[in-house]
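Asker: Sequence below, structure please.
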Amino acid sequence: MRRFIPFVKTPPLVSVLRLQGVIAAGTRGTLNDQALAPLIQKVFTRGKPTAVALSINSPGGSPAQSSLISARIRRLAEEKDVKVYAFVEDVAASGGYYIASAADEIWVDRHSIVGSIGVISAGFGFNDLISRYGIERRVYTAGKSKSLADPFKPENDDDVARIKALQEHIHGEFIDHVKTRRGARLSADTELFDGSIWVGDEAMPTGLIDGVAHLVPKMKEIFGDKVRLRPYQMKRPLLTRFGARVFSDVLDDIEDRAAYARFGL
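Answerer: Alright, predicted model coming up:
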């Protein structure tokens with residue numbers, strides 16, 4: 001009601017968007033542009049916020065989804081003229097850092113892991129296994145490049161070269177994004193883009209972060225003790241926890257744990 005009373009100043013409003021999990025398209029419980037689009041729209045428009053704070057805990061994932069989410073945040077930040085602050089919890093690595101760098105400032109806990117600016121793909125080779133059991137792999141394609149890195153065939157040097165070329169292109173786009181967003185803050189004396197990670201204030205000299213701080217006290221420091229924090233986060237429908245979906249949820253949890261385990265979490 002305060003905002004309807006003349007001459008009474010309303011305390012600043014900061015929308016807080018929690019982004020937790022692996023970044024992947026079309027998978028329940030993961031961060032992706034389609035699922036986040038309406039939520040991000042609310043974050044920037046509901047109540048005319050003074051600023052937006054991103055609470056990030058993500059080991060990364062899809063490069064395309066990371067780019068789409070980051071671009072959506074930037075479009076709305078510029079359209080609404082709202083400053084964005086990122087606060088890292090356990091980790092903002094790879095795609096998680098891609099999204100964090102959409103913010104104007106990045107703040108971490110002293111135990112947070114940031115960085116891992118690189119591209120990775122992994123898989124298994126089963127060609128010896130199936131031959132041991134007398135199984136023959138049959139694949140027919142129109143176009144010599146249609147079958148790439150078939151796990152049931154011996155590794156092919158041409159396929160490896162093509163995959164590495166794709167990775168180099170994606171890596172280059174990732175580097176350009178970070179350089180654009182962080183600008184002159186980035187250190188010229190440190191290799192930032194080889195996939196290395198840093199913990200807490202170790203990242204300060206690199207320019208990848210702006211300092212060590214937590215969301216609530218930092219927002220109070222900037223906007224005053226009476227600042228209002230309005231939280232937003234993705235919600236999973238209750239019914240998805242039942243029936244056949246339970247098995248899928250278990251698999252999703254295993255994949256999430258494997259992604260975080262790469263950083264010892």
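Asker: distance of Arg110 from Met204?
Answerer: 11 Å (Cβ to Cβ, to the nearest Å). Using the backbone N, CA and C atoms, a C-beta is placed for each residue, glycine as well.
Asker: give me the low-pLDDT residue ranges for the stretch 51-200 of the chain?
Answerer: Applying pLDDT under 70 to the stretch 51-200 of the chain flags no residue at all.
Asker: ok but Asp159 is inside a strand, no?
Answerer: No: per DSSP: H, G, I helix; E, B strand; the rest coil, Asp159 lies outside any strand segment and is helix.
Asker: Give me the nearest residue to it, chain neighbours excluded.
Answerer: Of all residues not flanking Asp159 in the chain, Ala149 sits nearest, at 4.7 Å (Cβ to Cβ, 6 or more residues apart in numbering).
Asker: buried sites along the strand ranked longest in the chain?
Answerer: When the chain is parsed with DSSP state E, its longest strand is strand 83-93. Buried residues in strand 83-93, counted by 16 or more other Cβ atoms under 10 Å: 84-93.
Asker: about what we covered before: helix or strand for the residue nearest to Asp159, which one?
Answerer: Under the criterion of DSSP states H and E, Ala149 resides outside all helices and strands.
Asker: what's the burial count for it?
Answerer: Using other Cβ atoms under 10 Å, Ala149 has 14 other residues around it.
Asker: before we move on, the earlier item: with distance to Gly47 added, can I get the buried residues of strand 83-93 in JSON lines?
Answerer: Shown next, in JSON lines, are these (distance: Cβ to Cβ, whole Å):
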{"residue": "Val84", "distance to Gly47": "16"}
{"residue": "Tyr85", "distance to Gly47": "17"}
{"residue": "Ala86", "distance to Gly47": "20"}
{"residue": "Phe87", "distance to Gly47": "20"}
{"residue": "Val88", "distance to Gly47": "25"}
{"residue": "Glu89", "distance to Gly47": "25"}
{"residue": "Asp90", "distance to Gly47": "29"}
{"residue": "Val91", "distance to Gly47": "30"}
{"residue": "Ala92", "distance to Gly47": "26"}
{"residue": "Ala93", "distance to Gly47": "32"}
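Asker: Tell me which two in those are the farthest apart.
Answerer: Val84 and Asp90 (20.3 Å; Cβ to Cβ).
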